[in-house]
Every structure is written in structure tokens, then in C-alpha cells.
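Trainee: test case, fold it:
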Amino acid sequence: MSKPAVFKPWFRAFNAHRWQWWLGFKLALLTVVCGIGLLALSGWFITASAIFVTVNIYAPGSGIRFFAVTRTVARYVERLVNHDLVLKIQARWRIAWFKRFQRHAYEGLARFRVAQAIQGLTRHIEAMDNLWLRLAMPAFAVAAVSLCFIFWFSFYHWALAGIVVITGLGAYWLISRLAHYSLIQAVKVEKYQHRIRARGMALTESLEEVMAWKQFDKQSERITYYSRETERAFQFEQRRARKIKLLLEWLTHGAVIGIYWVAIQLFIDPNAQVSSAEVVMLLLAALAWQELLLELPQQWQNYGRTALASRRLLAEQTNSSAKAKVVESVDASLRWDNVTVYRQSRQLFSPISLEAVAGEWVWLSAPSGEGKSTLLNATAGMYANFSGKIAVPKLSEFNYLTQHTDILDDTVFNNLTLGRQLDEERIWKVLEWVELAERIQQMPEQLNSRIGELGIRLSGGQYRRLALARALLKDAPLVILDEPFSGLEVDLAARITERLMNELPQSIVLVASHHVPASVRTHDRHTVIELGHC
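Mentor: So this is what the prediction gives:
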């Protein structure tokens, strides 16, 4: 079993709701105690009545009704309290994690670009609801009830209490084994599922090439293989859980038989003065306790997924803190101090230094593979493998046009705004900057026209200019453009460049391009950096 420390940060979140946490636990414990009391007292009352023992029927009858009503009410209220608590805590965790990505906005946005990262974060947070409802609370309740049984049975005979102690320790060992193996299986399953997602996404994105090279069957077979391995891992986990549950059943059956045998001996012993009704009561109480123990394997079978989720989330936190090398400048400038980037331990270019203020354009020029895009990602906080110091105007405000930008199967307006509240006048103005306004006006519903999946109703150049317009719509102190004019005619790119250099006076514009337009070199506030070999 992994160390309890992996759950400490999550249990700290319960401190803000201590009264609700404590109330939920007491209600859960009350529900269990009332259930055992109802069964034990009913057994005693029925047996005592059957053998014509003189008894005041009103006292046990009242006790039975009390246990029944209290158990029903306690269970209902406990569900409300504990589920409300878990939902509150999950909401708090989600807010905290998304705020963390907001504080480290660049790195967070880099992760959000990958759909499986979002799924992983959501899945891990959802897995944490097991921590209280299916792991901690049942275990605490069983431990508390077991202590009550030890105390109660010790009044009859030390052997009864000893059986409870031995059985409880044996159950703990079995459950700890189940938890240990479930964590191993959870790691294995996550590895296979990650490979399925990665290969599935790669196959989808490169379907044409795969079909052309007649590799579709081979790639599909690899996905099928990992699917079979995932299913095999699940089946192995189920078999191990059934085995441990079977061992626990044998252990608890033996405990019940032992309790019954000791109770019979006490009944036979005239000095013990234990009645047959009490024997039945002890037996039924032991059966109720056994039922609690037998529920633990099903609940703790999910321990591995919960512990793995906790590890992954804590690792995200550690990595986020460790990689936060980009800082916010005090004077709203962009600064590189001896910055270079690395790929697989290889330095891509000689260290460079720069300082740029609002209104300046910085052009990075170099052939493909020399590190232009990597340096842009590092400046945006999306790439941590760099040396030197990078300072940007504002950590959470920048516009970024990457080389690959997705266009939604939606309207022009929604593709440009992405849910942001933007003025249409501003939208048309930016479309004029990129010389796309006339084309949009010719469409049937203009801004409300659908452009089809992957921008199918637009040409390649129009598709790129739409993505560029989206990156320019919101004012930001830093604008990062990675090959913004790829696929455009030279004259069109020159006109757009000249127009943008006059329309963005409050922004620092960082551009990566193979070639620097001639019009740029005549601009009085520009810097051209040729990335050189090491």
C-alpha cells in the first residue's frame, strides 16, 4: 500500500468543512450501529419469546423500533451530508487546479491543447471522490465498530474479543494486499489506455498517409493489442479481488463459527449464565459485523485508481512549480537574458539576449529545425527545457498563433471569438487587416456563416488568415506569431505585415519566420535575430 502521505493534501481540504465531515462520519457510524443493534436485538427478542422467557415486551419492542427508525433517518441524512461534502470538495479541487493553471497560464494552456490531458485531469479529480465515500469512511466505520465489538464481547469472555481482534487484523492485511495490487494494476491500465489514446489520435490525424502506405491494418492491430492488454489487466484485477474476497469470507466465516462455538460453551457453562437468546444475539451481531467486513474488498478495489490519481495530480503540482521559469517583467517589457533551448539534451542555437518594449517587432529568422518555434513556446511558458531568463509583460495575457491552428466546424463568428465577448466592429476591423473582410461579406450569412469542418469552405490561405485574425482580436501586451504568413502570396503577406506594424502600437510582436519581408527592415522599431548554430 502506498504511503498515507499521498492523501494528506486532499484530506487537508476537509478542514474547511470539519463539522460536516465529522457529522457525516457520526451518521455513517450511527447507521451501522443501529443496523447491528436492530438485528441483534430482534434475534434476542424473537428467541426469548420462542422459549417463553418472561420478558417485558415493551422495552425490546421500543428498542427495535428505535433502531429501525434511527437507522433509516441516519442513512438518509448521512447520504445527503456526505455526498454534499464530496461535491463541495470536488468543486474546490477543480477551482484550485484551474486557478493554478491560470497562475501558470502558459504552461497550463500548453497542456490544455491536448484533449487527453483535459480528460486525465477530469478523470483524476473525479477519482478522488472515492477517497472519503468508499475508502476512508467505510474503513473508519468498520474500525470503530470492531472496537465496540471488542469492548462488548470482552464482557462475556476474552476469547470472543480475541476472535474479533484476530479477524480484524487478518482483514486489514488482506485489504492492504488488495490495495497494493490494485495500485499496480491501475498503473498498468493507465499506461495501456494512454497508448490507446496516443495511437488512436495519431492514426486519426495521419489517416491519409497511413492508408497510402498500407499501414492501417498494422496500426489498428497495435491499438487492438493494447485494448486486449487493458481488458486482460481488468480481468486480472477482478480475479485477484475475488480471490481476496474469498479469503476474507473464509476468515470471517471462521470467526463467526468461533464466536458461535464460544457462545455455546458459555451457554453450557452454568457459571457463565448466558441464555440461549443471548447466544442468538451474539451470533446475529457477528453476522452483521461479517457483512461489514465483506463489503470492504469491493470498496477498496478502487484504491489503486484513487491513489494513482492523487500521485498524478501532486506530480502535476510539483512539475508546474519546478518549470515556472518564465517571470513577469516589472516594466512591461520582453527580455531574454542568455536564452537558449534544448531538445534531447542538444542545444539548438547560441544564447541570445534581447529587450523589447511596446510597439517593437522582433523577428526570428532561421531555417526549419533551428529552434524558432521552440523558443516561442519557451517564451509562452509552454516549453521548460531552456536556460537563461525570460521575462514577459504579463503572465496571463498574450496572443499566440501557432503553426498548427484548429478551425472549428462552426460559424465564422464563433471561430473568431471562441466564446469571448467581442464587438463586431472590432471583428470587421481585424478582418480588414488580414484582407478577409470582403470574402466573409460574400458568404450567405457573413459572420454567422458556417465554414465547415477544418475550414473546408475556405482556401488554405484564407484558413490561415482567419486563424491570424483570431490571434489579433484581443488586445494583449505580447503577440506571438509563428509563421503567420505561411501559404500566403508574397505581396499579400507584405501588405498584411505593413498594415499590422501600424495597427499594433501597444503590443510587443514576436514573429518567427523563414524570411523577413523587405518592408520590415524599413520599419524604425524592429529587431531581426538570426538564430545561429552553437
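Trainee: endpoint to endpoint, stretch 420-427 covers what distance?
Mentor: In stretch 420-427, first residue to last residue: 12 Å (CA to CA, to the nearest Å).
Trainee: tell me which residues of it are tucked away?
Mentor: Across stretch 420-427, burial judged by 16 or more other CB atoms under 10 Å covers residue 427. Where you see a C-beta, it was placed from the backbone N, CA and C, and this is true even at glycine.
Trainee: give me the contact list for it.
Mentor: Contacts with stretch 420-427, where a contact means CB atoms under 8 Å, 6 or more residues apart in numbering, come from 413, 416-417, 447, 469, 473-474.
Trainee: one more time with 6 Å
Mentor: With contact meaning CB atoms under 6 Å, 6 or more residues apart in numbering, stretch 420-427 is reached by 416, 473.
Trainee: equivalent analysis for stretch 211-228, please.
Mentor: Contacts for stretch 211-228 (CB under 6 Å, 6+ apart): 192, 195-196, 199-200, 203, 210.
Trainee: are any of these buried, and if so which?
Mentor: Buried among these by 16+ other CB under 10 Å: 192, 195-196, 199-200, 203, 210.
Trainee: from these, pick the one nearest residue 30.
Mentor: Taking CB to CB as the measure, residue 30 sits nearest to residue 192 out of these, at 42.8 Å.
Trainee: now for whichever strand or helix holds residue 46, which elements pack on it?
Mentor: Assigned by DSSP states H and E, residue 46 belongs to helix 18-50. In terms of contacts (3 or more CB pairs under 6 Å, 6 or more residues apart in numbering; DSSP states H and E), helix 18-50 is packed against helix 58-103, helix 137-154, helix 276-300.
Trainee: just to revisit the earlier point, so which of the buried ones among the contacts of stretch 211-228 are in helices?
Mentor: 192, 195-196, 199-200, 203, 210 (DSSP state H).
Trainee: can I get the residues you listed in a markdown table including pLDDT and distance to residue 432?
Mentor: Formatted as a markdown table, these follow (pLDDT from 0 to 100; distance: CB to CB, whole Å):
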| residue | pLDDT | distance to residue 432 |
| --- | --- | --- |
| 192 | 84 | 51 |
| 195 | 80 | 47 |
| 196 | 81 | 46 |
| 199 | 77 | 44 |
| 200 | 77 | 41 |
| 203 | 75 | 41 |
| 210 | 69 | 41 |
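Trainee: show me the longest strand that occurs in this structure.
Mentor: The single longest strand within the chain, with elements called by DSSP state E, is strand 334-343.
Trainee: and the strands in the stretch 301-450 of the chain?
Mentor: Per DSSP state E, counting those that start in this stretch, the stretch 301-450 of the chain carries strands over the ranges 326-328, 334-343, 346-347, 352-356, 361-365, 386-392, 399-401.
Trainee: possible to save those as a markdown table with distance to residue 260 and mean neighbour count?
Mentor: Shown next, in a markdown table, are these (distance: least, CB to CB, whole Å; neighbours: other CB atoms under 10 Å):
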| stretch | distance to residue 260 | mean neighbour count |
| --- | --- | --- |
| strand 326-328 | 69 | 16 |
| strand 334-343 | 71 | 18 |
| strand 346-347 | 73 | 12 |
| strand 352-356 | 82 | 16 |
| strand 361-365 | 82 | 21 |
| strand 386-392 | 71 | 19 |
| strand 399-401 | 72 | 20 |
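Trainee: make TSV out of those strands and add mean pLDDT and distance to residue 93.
Mentor: As requested, the strands of the stretch 301-450 of the chain are exported to TSV (pLDDT from 0 to 100; distance: least, CB to CB, whole Å):
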stretch	mean pLDDT	distance to residue 93
strand 326-328	79	26
strand 334-343	84	34
strand 346-347	80	39
strand 352-356	85	39
strand 361-365	83	40
strand 386-392	85	29
strand 399-401	84	28
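Trainee: could those strands be laid out in a markdown table, adding distance to residue 215?
Mentor: Below are the strands of the stretch 301-450 of the chain laid out as a markdown table (distance: least, CB to CB, whole Å):
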| stretch | distance to residue 215 |
| --- | --- |
| strand 326-328 | 40 |
| strand 334-343 | 27 |
| strand 346-347 | 29 |
| strand 352-356 | 41 |
| strand 361-365 | 36 |
| strand 386-392 | 35 |
| strand 399-401 | 32 |
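Trainee: which one of those strands lies closest to residue 45?
Mentor: strand 326-328 (72.9 Å).
Trainee: list the contacts of that closest one.
Mentor: Residues outside strand 326-328 that contact it (CB under 6 Å, 6+ apart): 381, 390-391, 395.
Trainee: likewise for stretch 280-294?
Mentor: 36, 39-40, 43-44, 47, 142, 149, 171, 252, 256, 259-260, 263.
Trainee: likewise for stretch 357-370?
Mentor: 333, 356, 372, 505-506, 508-512, 516, 525-531.
Trainee: make it 8 Å
Mentor: Stretch 357-370 is touched from outside by 331-334, 348-349, 354, 356, 372, 375-376, 393, 477, 501, 504-516, 520, 523, 525-531, 533, with contacts defined as CB under 8 Å, 6+ apart.
Trainee: ok, stretch 332-348 next?
Mentor: Contacting residues not belonging to stretch 332-348 are listed as 329, 349-358, 362, 370-371, 374-375, 378-379, 383, 385-394, 477-478, 508, 510, 531, 534 [CB under 8 Å, 6+ apart].
Trainee: for stretch 254-269, buried residues please.
Mentor: By neighbour count with 16+ other CB under 10 Å, stretch 254-269 contains the buried residues 255-256, 258-260, 262-263, 266-267.
Trainee: likewise stretch 147-162?
Mentor: 148-150, 153, 156-157, 159-161.
Trainee: farthest-separated two in those residues?
Mentor: Applying CB to CB across the buried residues of stretch 147-162, the maximum distance is between 148 and 159, 17.6 Å.
Trainee: coming back round to it: tell me which of the helices and strands packed on helix 18-50 sits most buried.
Mentor: Looking across these with neighbours counted as mean count of other CB atoms under 10 Å, the highest average goes to helix 276-300: a mean of 20.
Trainee: many thanks, I have nothing further to ask.
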